[in-house]
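Undergrad: next comes the sequence, and after it the predicted model I'd like to discuss.
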Amino acid sequence: MEDDFGLALRGPATGKLRPLAGQRALVTGGNSGIGRAIALALGEAGADVVVNYVSGGEAADSVAESIRGFGARALAVKADVSREEQVEAMFARAVDAFGGLDILVNNAGLQRDAPLEAMTLEQWSTVVDVNLTGQFLCARAAVRAFKRQGFRPEVSRALGKIVCVSSVHEVIPWAGHVNYAASKGGVMLMMKTLAQELAADRIRVVGVAPGAIRTPINRAAWETPEAHAKLLKLIPAKRIGEPEDIAHAVVWLASDAADYITGTTLFVDGGMTLYPGFEAGG
């Protein structure tokens, strides 16, 4: 099956639709958790994918190998997104390998939790440097790559797409996690500002805000029956999200089906931002 541009819309390995055929993507933190699911979904949708990692190289190589099984190209690249020189080198390698870039998924993030009075400057800086500054550095490198290569209407209506993975904590305060919440609030306004600045260039910038997702980073919140029951009280949908829930949203936002969407956050949270404490009238 082909679309109006003659691009293959179904993959040889899966028979599934390939709305991102011919496009090149880079996913930061793509070797585990949400990033892994996003990288795999982009590859299954037809995109060539750079799988970024800072540790866990074998896992990144495994993700890349799975993407190749979908008939797409894939490359695992080590880089600390909080380090400018490493980000620049990663994007240069991506462009050299794939001939350009069409999609950036700013996913890399971490937590260093502590109450305010016990939080060290190192804990604050580490989280802000990766979660916020890392997204800035990668977005800047991506926009430069988009503009250098020029418009490719045969593969996308946009010059480029940036998806910023944020969190429900861009709007929900989170006691004991001030560094994380501040970083995600910053991601939200960075995303909106970039979208405003770049819209006329046909570069779309959007956010995805996961709620409680079943990943290793938050295992303590769901792996015991007691923790699971407590968590579900915060989720009107009464289930924990899976990494694939986020991945499906990212693929759609990166596709031409979402071409008129920019500067907004899609919350994929089972209703966590709906103030579940008021579901019975408060």
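TA: Received it, and whenever you're ready, just let me know what you need.
Undergrad: poorly predicted segments of the stretch 151-282 of the chain, please.
TA: 282 (pLDDT under 70).
Undergrad: what ranges does it have for its strands?
TA: 160-165, 203-210, 265-268 (DSSP state E, counting those that start in this stretch).
Undergrad: now those in JSON lines, with mean neighbour count and distance to Ser183?
TA: (Each C-beta comes from the backbone N, C-alpha and C, glycine too.) Formatted as JSON lines, those follow (neighbours: other CB atoms under 10 Å; distance: least, CB to CB, whole Å):
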{"stretch": "strand 160-165", "mean neighbour count": "27", "distance to Ser183": "11"}
{"stretch": "strand 203-210", "mean neighbour count": "25", "distance to Ser183": "13"}
{"stretch": "strand 265-268", "mean neighbour count": "20", "distance to Ser183": "15"}
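Undergrad: distance to Phe136 for the ones you listed - can I get that in TSV?
TA: What follows is the strands of the stretch 151-282 of the chain, written out as TSV (distance: least, CB to CB, whole Å):
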stretch	distance to Phe136
strand 160-165	10
strand 203-210	12
strand 265-268	17
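Undergrad: with respect to Ser66, which of these lies nearest?
TA: Among the strands of the stretch 151-282 of the chain, the nearest to Ser66 by CB to CB is strand 160-165 (20.1 Å).
Undergrad: angle of the closest one against strand 203-210?
TA: 20 degrees (axes from the mean of the first three to the mean of the last three CA atoms, to 10 degrees).
Undergrad: end to end on stretch 253-266, go ahead and measure it.
TA: 9 Å (CA to CA, to the nearest Å).
Undergrad: for it, which outside residues touch it?
TA: The contact list for stretch 253-266, computed with CB atoms under 8 Å, 6 or more residues apart in numbering, reads 19-20, 23, 25, 42, 45, 47, 103, 105, 156-158, 161, 163, 166, 170, 188, 191-192, 195-196, 199, 204-209, 249, 252.
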